[in-house]
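Could you look at this predicted model? Sequence included:
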Amino acid sequence: NSFWPLDLKWSVIVPIPLTMLNSMAGSDWEAALDRHVSWRVRLLDLKDQILGKGILDLTDAEAGQAAKSIQRRGLSVYCFSTVLFHRPLEAGPAAFKQELERIPRAIALARVLKPTVIRLLAAQTERRAEISNAPDYIQRQHPWLLDAYREAIDRCADAGVPVSIENECDRCILSNPGEVRTFFNMLNRPRVRFIYD
């Protein structure tokens, strides 16, 4: 009782749903789903070890099989944790065009597995140690990167699945709150979400 504030009768307690990567519960797909159920984690974050494959490598038949396994257990998919865009931006526009070419597959799989959001990763930079302001560096040296993200965001959102960008730590272009705010303002896409790592 001492944990709760004295005015609890005036407070509203809202349960916070948790999600986690499916493979964190194990590498065997069916056993991992059972473990999610036993842990009462109802939302899945699909990345890898889905019938032995990564999320974007599933065939249509495998996606259907995975969807049945999920539904049978009363689970649902919150996120497709793709690793799209997790490249050094110095690789250039052609490398990111290859990433964009995988967006239609993500959308097709989303129609079967019905995630709430598709995750893209923040790009990396090989010059992270010498750059204090990545958005400024992007504007000066790699302005095409913003268009690549905008295209991915728009294509997914138009298909009914919003995008979230996550800032994984290693050499990331989004290394502090100022860079995150500036980058998202530059994107000018209200439909995009952010996952803070």
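Happy to help now that I have it.

you'd agree Glu126 is up against Ile173?
No: using Cβ atoms under 8 Å, Glu126 is not in contact with Ile173, being 11.1 Å away. Yep, even glycine has a C-beta here, placed from its N, CA and C like the rest.

Low-confidence stretches in this protein?
Residue ranges of the chain with pLDDT under 70: 1-13.

So the residue most central in space within it: helix, strand or coil?
By Cα atoms, centre = their mean, the mean C-alpha position of the chain lies nearest to Arg119, the distance being 2.0 Å. At Arg119 the chain is in strand, as set by DSSP: H, G, I helix; E, B strand; the rest coil.

and it, what is it in contact with?
79-82, 163-166, 195 (Cβ atoms under 8 Å, 6 or more residues apart in numbering).

which residues in the protein form helices?
For the chain, the helices defined by DSSP state H occupy 29-39, 60-72, 93-100, 103-113, 134-141, 144-158, 177-187.

hang on, the earlier thing: so for Glu126 and Ile173, which residue has more residues nearby?
In this view Glu126 and Ile173 are compared by other Cβ atoms under 10 Å, and Ile173 has more residues nearby, 23 against 12.

ok now do that one, which residues does it touch?
By Cβ under 8 Å, 6+ apart, the contact set of Ile173 is 89, 122-125, 134-135, 138, 167, 179, 183.

Quick check: nearest residue in space to it, chain neighbours excluded?
Nearest residue to Ile173, sequence neighbours excluded (Cβ to Cβ, 6 or more residues apart in numbering): Ala134, at 4.1 Å.

check contacts around the one you found.
Neighbour list for Ala134: 125, 128, 173-175, 179, 183 [criterion: Cβ under 8 Å, 6+ apart].

try it again with 10 Å
Contacts for Ala134 (Cβ atoms under 10 Å, 6 or more residues apart in numbering) come out as 89, 122-125, 127-128, 142, 171-176, 178-180, 182-183.

Give me the buried subset of those.
In these, burial by neighbour count holds for 89, 122-125, 128, 142, 171-175, 179-180, 182-183, counting by 16 or more other Cβ atoms under 10 Å.

ok, Asp158 touching Arg150?
No: contact criterion Cβ atoms under 10 Å: Asp158 and Arg150 do not qualify, at 11.9 Å.

Quick check: Ala108 touching Arg155?
No: if you go by Cβ under 10 Å, Ala108 and Arg155 don't touch, sitting 11.8 Å apart.

Tell me which of these two has more neighbours.
The residue with more neighbours, out of Ala108 and Arg155, is Arg155; 17 against 14, by other Cβ under 10 Å.

do you know how far the nearest residue to the more buried one once chain neighbours are set aside is from Ala159?
Using Cβ to Cβ, 6+ apart and skipping the chain neighbours, the partner closest in space to Arg155 is Ile103 (5.2 Å). Distance of Ile103 to Ala159, computed by Cβ to Cβ, to the nearest Å: 9 Å.
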